[in-house]
Structures are given as C-alpha cells and as structure tokens.
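**Student:** Sequence isn't available, so here's the structure alone:
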C-alpha cells in the first residue's frame with residue numbers, strides 16, 4: 001500500500017511538469033503568407049518527342065531548362081541565407097520560392113529521365129539529380145542549416161555535370 005502511495009505522489013508532479021511542458025510547445029510551424037513572392041516560372045511542358053529516335057534531345061532539353069530555373073531560385077535562397085538565418089523575412093520568402101521551384105524541377109527532371117529509349121548514362125544521373133532536389137527542398141522546409149544544404153547541392157551539381165557530359169556524348173546539350 002505504501003509503495004502505491006509513493007508512486008502516486010511521484011507521478012503527480014511529473015504529470016504536472018509534462019502538462020506545462022506540452023502547453024508551451026508550438027502547435028505548428030508554417031510559412032507566413034505576409035510576403036507573397038508570386039508565381040514561380042520553372043514549369044516545363046511534359047517531355048514528349050515526336051521523333052522516336054531522339055529521346056536524348058527531348059530529355060536533355062527539358063533537363064537544361066529545369067536546371068537553369070532551379071539553380072536561379074536556389075541561388076537566390078542561398079544568397080539570402082548566407083550570413084542570416086531562417087527567421088529573416090527575406091530568407092523565409094526565398095526559401096518558399098526556392099522550395100516550390102525545386103519541387104517542380106524535381107518532377108520535370110524525373111519525367112525527363114523516364115523518356116522511353118533514353119540511354120541509362122543520361123537517365124540515371126537525371127534521376128539522382130531529381131532525388132537530390134527532393135532532399136534539398138525537404139531540408140529547406142525543415143530549416144536545416146548550411147553544411148547539409150551545401151553537401152546536397154554539391155551532389156546535385158555533380159549529377160548535373162554527369163547529365164551534361166552524357167547529353168554532349170549523345171550529340172545534344174542540357
């Protein structure tokens with residue numbers, strides 16, 4: 001009987017402390033809608049080629065457009081983030097726009113990598129780039145700091161270089 005009372009006496013302050021702790025936690029983290037950055041112009045038409053012998057041309061062209069747009073918007077985010085943190089309104093705005101651009105770019109790059117007849121030397125690094133873009137936008141959404149973002153961006157740059165080299169070997173450019 002006394003051990004039950006001892007447990008009860010010990011558990012009441014613990015429950016009170018937990019209740020107070022949970023009451024001060026934020027209920028959600030969301031981006032403010034105060035600074036509407038406007039639409040992101042990264043979307044590219046779905047990759048389709050009328051010429052069945054030219055899947056590399058269609059895929060490399062789409063990837064090149066996506067790469068230009070994504071690098072522009074991510075570059076804006078990286079510039080605003082340098083020397084600042086996620087609480088800065090400029091960083092918040094460029095973070096949101098950059099994530100949107102990366103989301104669209106990742107989807108378009110994955111579509112480009114799935115063009116029927118595309119050589120694996122082109123398709124594989126495109127898929128890796130798309131997965132890297134997805135990882136990067138998740139890290140940006142979770143507000144993960146610098147080194148992790150830099151490592152993912154470096155990996156994406158390496159994949160983009162592999163795509164460009166493979167596209168050049170196929171007689172086209174990305």
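**Tutor:** Nice, I can see it. Everything numeric in this text was worked out from a predicted model, so none of it was measured. Numbering: from 1, shown residues only.

**Student:** what's the single longest helix in the chain?
**Tutor:** Assignment by DSSP state H gives helix 55-81 as the longest helix of the chain.

**Student:** What distance do you get for residue 152 to residue 68?
**Tutor:** As judged by Cβ to Cβ, to the nearest Å, residue 152 and residue 68 stand 19 Å apart. Where you see a C-beta, it was placed from the backbone N, CA and C, and this is true even at glycine.

**Student:** Looking at those two now, which is surrounded by more residues?
**Tutor:** residue 152 (21 against 13; other Cβ atoms under 10 Å).

**Student:** any idea which residue sits dead centre in this protein?
**Tutor:** residue 137 (1.9 Å; Cα atoms, centre = their mean).

**Student:** I'd say that one and residue 99 touch.
**Tutor:** Yes - between residue 137 and residue 99 there is a contact under Cβ atoms under 8 Å: 4.5 Å.

**Student:** Just the pLDDT at the closest residue to residue 118 other than its chain neighbours, thanks.
**Tutor:** Spatially, and ignoring its direct neighbours in sequence, residue 118 is nearest to residue 55 (4.5 Å; Cβ to Cβ, 6 or more residues apart in numbering). Looking at residue 55, its pLDDT stands at 92.
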